[in-house]
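Asker: Provide a 3D model corresponding to the input given below.
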Amino acid sequence: MSQTDDLEGLRGLINEPLSRRGFVMTALMSGFTVATAHAQAGQAIQTPADGLVAGEVKIKVADGDMPAYRAMPQGGGPFPIVLVVEEIFGVHEYIKDTCRRLAKLGYVAIAPELYARQGDISKVTDVQQILRDFIAKTPDSQVMSDLDAAAKWAVADSKGDPKRLGITGFCRGGRAVWLYAAHNPDVKAAVAWYGPLAGQTTPIQPKTAADVAGDIKVPVLGLYGGADPGIPVAAVEAQRDKAKAAGKTVEIVIFPQAGHAFHADYRPSYNKQAAEDGWQRMLAWFKTYGVA
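Answerer: Next comes the predicted model:
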């Protein structure tokens, strides 16, 4: 294979020049997303910010200032870093609270708003519109670059320890975790929560998570629901087998009674037992592989 062919195969995951579109959404939404039907905000976990430095920040990238949410302990440092990758619904209160939970445990947790260039996702109520106008139009190379920028910002501006970098993400964010594990060898450990493995590829999203299973550079823990209608157990097991056949460090945990989005405590899909078990497994994974 020539070098040109090799680069073409990585197209969309390498750092290509970014467009100069700029950021349409310049501030994070408040509260919970309006796009999820039957959202149950009243049941959601609420983690107070006392003892933390927590709130919205701006991360400078090539085409502007990317809004993000950051939570970290007060004082001290350097702290281990966890990149928190959103679902398709934006960095809303559920994602912010997840950052605060991690900060309470001693991490600096950062959730960048990866879809801010496409519009104001806080005002969109139609899930299909989000998929069409936000998700499908966001290049994977841009997501990788934005996550790189968030990690660097954590070191420069949030007392983050570059030698203790982890990443976790939910749903579409779980897919990004698999891609980032193949992109950034500086990550110590990655945890993907029910990240889609298959799907349609496009010129700006040229590889699925399944495509990169044999290319991951860091240990990956995958947390999946056995009752998830969109991600068959057979596909999850195939992901594990492909990665292990390539000599990669990967562990897959399937919660038989859990469906999709079982960690999303603001939705009817929430499965408390699976969510809490998965959370503890995530923390143990970070500790085992040097993030904690």
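
Asker: quick one, what contacts the residue most central in space within the chain?
Answerer: Centroid-nearest residue in the chain: V85, 2.3 Å away (criterion: CA atoms, centre = their mean). Contacts for V85 (CB atoms under 8 Å, 6 or more residues apart in numbering) come out as 111, 114, 147, 167-170, 172-174, 176-177, 180. Heads up, the C-betas are built off the backbone N, CA and C, glycines and all.

Asker: Can I get the buried ones among those residues as something I can paste into PyMOL?
Answerer: A single PyMOL command selects the buried members of these (16 or more other CB atoms under 10 Å):
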select buried, resi 111+114+147+167+168+169+170+172+173+174+176+177+180
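
Asker: Which members of the contacts of V85 are positioned in helices?
Answerer: Using DSSP state H, the subset of the contacts of V85 located in helices is 147, 172-174, 176-177, 180.

Asker: Please identify which of those is nearest to D140.
Answerer: A176 (8.0 Å; CB to CB).

Asker: Show the backbone phi and psi for the residue lying closest to the closest one once chain neighbours are set aside.
Answerer: Nearest residue to A176, sequence neighbours excluded (CB to CB, 6 or more residues apart in numbering): V85, at 4.7 Å. The phi/psi pair for V85 (degrees, to the nearest 10) reads phi -100, psi 130.

Asker: Next one: V85 from E56, what distance?
Answerer: Computed as CB to CB, to the nearest Å, the V85 to E56 distance reads 17 Å.

Asker: cool, and R175?
Answerer: The spacing between R175 and E56, counted by CB to CB, is 25 Å.

Asker: So for the two, which residue has more residues nearby?
Answerer: Regarding R175 and E56, a neighbour count based on other CB atoms under 10 Å identifies R175 as having more, with 26 against 14.

Asker: Return the residues in contact with that one.
Answerer: 169, 192, 195-197, 199, 208-209.

Asker: what do you get if the cut-off is 6 Å, keeping everything else the same?
Answerer: Contact partners of R175, counting by CB atoms under 6 Å, 6 or more residues apart in numbering, are 195-196, 209.

Asker: In TSV: those residues, plus secondary structure and pLDDT.
Answerer: TSV is the format used below for these (DSSP: H, G, I helix; E, B strand; the rest coil; pLDDT from 0 to 100):
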residue	secondary structure	pLDDT
G195	coil	98
P196	coil	98
A209	coil	98
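
Asker: Of those, just say which sits nearest to H92.
Answerer: Closest to H92, out of all of these and judged by CB to CB, is G195, at 18.8 Å.

Asker: Over to that closest one: give its phi and psi.
Answerer: Torsion angles, degrees, to the nearest 10, at G195: phi -80, psi 130.

Asker: List the contacts of it.
Answerer: For G195, the contact set (CB under 6 Å, 6+ apart) comprises 174-175, 177-178, 209.

Asker: what's the first-to-last distance across stretch 22-33?
Answerer: 23 Å (CA to CA, to the nearest Å).

Asker: How about stretch 242-262?
Answerer: End-to-end distance for stretch 242-262: 25 Å, by CA to CA.

Asker: List the contacts of it.
Answerer: Applying CB under 6 Å, 6+ apart, the external contacts of stretch 242-262 come out as 194, 213-214, 216, 219-228, 230, 233, 236, 240, 267, 269, 271, 274-275.

Asker: do that again at 8 Å, thanks
Answerer: Against stretch 242-262 from outside (CB under 8 Å, 6+ apart): 87, 170-171, 194, 210, 213-216, 218-231, 233, 236-237, 239-240, 267, 269-271, 273-275, 277-278, 281, 285, 289.

Asker: now the strands for this structure?
Answerer: Remark: strands assigned in the chain by DSSP state E are 52-61, 64-73, 79-85, 108-112, 160-170, 189-193, 220-225, 250-255.

Asker: what about the nearest residue to T202 once chain neighbours are set aside, how many residues close to it?
Answerer: Closest residue to T202 apart from its sequence neighbours, by CB to CB, 6+ apart: A136 at 7.2 Å. Residues lying near A136 (other CB under 10 Å) number 13.
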